[in-house]
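**Q** Predicted coordinates and the sequence they were generated for:
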Amino acid sequence: MYSTKKITRNVLFASGFALLAACSGSEKTDAKDAGQEAAIPVIVGQPASGESSGFSISGEVASSQTANISTRVMGYITRLNVKVGDHVNKGQLIASISNNDILAKRAQVDAMIAEAEAAAKNAQKDFDRFTALYQQQSASAKELDNVTLQYNAAKARVESARQMRNEVNAQLSYTSLTAPFSGTVTQKLADAGSMASPGMTLVTIEQSGNYEINASVPESEINQLKQGIPVNVQIKSINRQFIGTLTQINPSSQFTGGQYLVKISVPEKEKAGLYAGMYANIDIPNTNKKTSATVPSAVLVPVASIIHKDQLTGLYTISDHQTALLRWVRLGKTYGDQVEVISGLSSNERFIVHADGNLYNGALVRIKN
């Protein structure tokens, strides 16, 4: 009877262990299936490779003709009626400077001219009289020389006074400031009643509708530029893209901090809707074949796959355990919808192009077919 109880107890223990083992195996299978279901579906890819065919720079839309209106005299501004945004025509009065002192000086000069002309007329009469007497041998050559000298000095005083009046008139013209061309007022730096000094800008005028793009090119890329080449211009603020022409290259960077200034023309049909100050992205092709042949292959990835955190840039790769691994990389130039990876990713490494969920470092991923 004892052995029978012992056998029964052993059978119950064996059955319990078998049930626990079965449950444990089921839980592991369910956990494995649950892990696969929790994995984030992703699309992976490999970097594209290609030779750099040019470079990109940033520029700014600017008016091709800009004038800073200032005066050459000191005085109070008596009139300044324009404001920012006003359209002005060529020759239109912009500002007036007080000119009472200059008007008084011109009155003095006019009096000096009248006095000099009267003295010149009297000297001419003496000259004519002594010339006639000398011909009649009633006056000596010495007397005629003295009268001639006085007459020439009187004429010189008249000419001097007239030139002084020209100088005063020139100063008087500086008190009435007019527009040198038709355009739009873009800056107003003073108001009526303020003191104007020589060289101080009062108003800035930009020629309307005539735009160009100004940009700076580093010295490492300047040898790739040629005047007259077409360049691709993109203005994101108004979603516009067009082909411009490189019209001017500054050959010196002495006063621009190692940057060479270039100008790009805008086609006439593309000028509508532009405003000075808009930023432009410019793609310049490489025209130096010898240089482009020595450029190594670039590692290119889609711009959409780049992750930005503070000042860092990176992308997600896949680890050996099928988890997302954030890799910090250093980016180079942008070519359309692709960007160059300078360091941090080799050309044969896979990276996550798109994910059907929010990725994070260590997240379980599943590659979509």
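**A** Yep, it's here. Numbers count the residues shown, from 1 in each chain.
**Q** if I look at the spatially most central residue of the chain, how far off is residue 211?
**A** In the chain, the C-alpha closest to the average C-alpha coordinate belongs to residue 60, at a distance of 3.0 Å (CA atoms, centre = their mean). Distance of residue 60 to residue 211, computed by CB to CB, to the nearest Å: 10 Å. For the C-beta atoms, the positions are set from N, CA and C on the backbone; glycine is no exception.
**Q** what's the answer for residue 302, then?
**A** Relative to residue 211, residue 302 is positioned 33 Å away (CB to CB).
**Q** Which one of these two is surrounded by more residues?
**A** Regarding residue 302 and residue 211, a neighbour count based on other CB atoms under 10 Å identifies residue 211 as having more, with 19 against 16.
**Q** So for that one, what pLDDT did the model give?
**A** Looking at residue 211, its pLDDT reads 90.
**Q** and it, what does it touch?
**A** 61, 62, 63, 64, 266, 271, 274, 276 (CB atoms under 8 Å, 6 or more residues apart in numbering).
**Q** Setting aside sequence neighbours, what's the nearest residue to residue 205?
**A** Distances taken as CB to CB, 6 or more residues apart in numbering place residue 183 nearest to residue 205, at 4.5 Å, with adjacent residues excluded.
**Q** ditto for residue 89
**A** The shortest distance from residue 89 to any non-neighbouring residue, by CB to CB, 6+ apart, is to residue 182 (5.1 Å).
**Q** Next, count neighbours for the one you found.
**A** Other residues lying near residue 182 total 15 when counted by other CB under 10 Å.
**Q** looking at it, it is touching residue 207, isn't it?
**A** Yes - contact between residue 182 and residue 207 holds when scored by CB atoms under 8 Å: they sit 7.2 Å apart.
**Q** Strands of the stretch 201-350 of the chain, start to end?
**A** In the stretch 201-350 of the chain, strands defined by DSSP state E, counting those that start in this stretch lie at 201-206, 211-218, 230-235, 240-249, 259-265, 279-285, 297-302, 307-309, 312-318, 324-328, 330-335, 338-343, listed in chain order.
**Q** Against which helices or strands is the shortest one packed?
**A** What that stands for is strand 307-309. Using 3 or more CB pairs under 8 Å, 6 or more residues apart in numbering; DSSP states H and E as the contact criterion, the neighbours of strand 307-309 among helices and strands are strand 312-318.
**Q** And the fourth one, by the same measure?
**A** The helices and strands touching strand 240-249, judged by 3+ CB pairs under 8 Å, 6+ apart, are strand 230-235, strand 259-265.
**Q** Minimum distance to residue 68: which of those has it?
**A** For the helices and strands packed on strand 240-249, distance to residue 68 was read as CB to CB. The smallest value, 18.8 Å, belongs to strand 259-265.
**Q** in its sheet, what does that closest one sit against?
**A** Strand 259-265 has these partner strands in its sheet, going by DSSP bridges: strand 211-218 (antiparallel), strand 240-249 (antiparallel).
**Q** And it, how far out from the chain middle?
**A** Here the centre of strand 259-265 is set off from its chain's centre by 10 Å, with CA atoms, centre = their mean, to the nearest Å.
**Q** Now do that strand against strand 230-235, angle only.
**A** Inter-element angle recorded for strand 259-265 and strand 230-235: 90 degrees (by axes from the mean of the first three to the mean of the last three CA atoms, to 10 degrees).
**Q** Using CSV, write out the CA atom coordinates for strand 259-265.
**A** Coordinates of the C-alpha atoms in strand 259-265 are reproduced here as CSV (Å, rounded to 0.1, in the frame of the first residue of the first chain):
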residue,chain,number,x,y,z
GLN,A,259,35.2,85.3,-49.8
TYR,A,260,34.9,86.2,-53.5
LEU,A,261,31.7,88.2,-54.4
VAL,A,262,29.8,87.1,-57.5
LYS,A,263,26.7,88.4,-59.2
ILE,A,264,24.0,86.4,-60.9
SER,A,265,21.5,87.9,-63.3
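**Q** I'd like to check what contacts that strand. Which residues are they?
**A** Contacts to strand 259-265, defined as CB under 8 Å, 6+ apart, come from residues 59, 212-219, 222, 225, 231, 233, 244-253, 282.
**Q** end to end, how far does stretch 203-219 reach?
**A** 35 Å (CA to CA, to the nearest Å).
**Q** Could you give me the buried positions within it?
**A** Using 16 or more other CB atoms under 10 Å as the test for burial, stretch 203-219 gives 203, 204, 205, 206, 207, 208, 211, 212, 213, 215, 216, 217.
**Q** want to throw those residues into JSON lines with distance to residue 75?
**A** Converted to JSON lines, these look like this (distance: CB to CB, whole Å):
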{"residue": "203", "distance to residue 75": "16"}
{"residue": "204", "distance to residue 75": "20"}
{"residue": "205", "distance to residue 75": "21"}
{"residue": "206", "distance to residue 75": "26"}
{"residue": "207", "distance to residue 75": "28"}
{"residue": "208", "distance to residue 75": "30"}
{"residue": "211", "distance to residue 75": "35"}
{"residue": "212", "distance to residue 75": "36"}
{"residue": "213", "distance to residue 75": "39"}
{"residue": "215", "distance to residue 75": "40"}
{"residue": "216", "distance to residue 75": "39"}
{"residue": "217", "distance to residue 75": "44"}
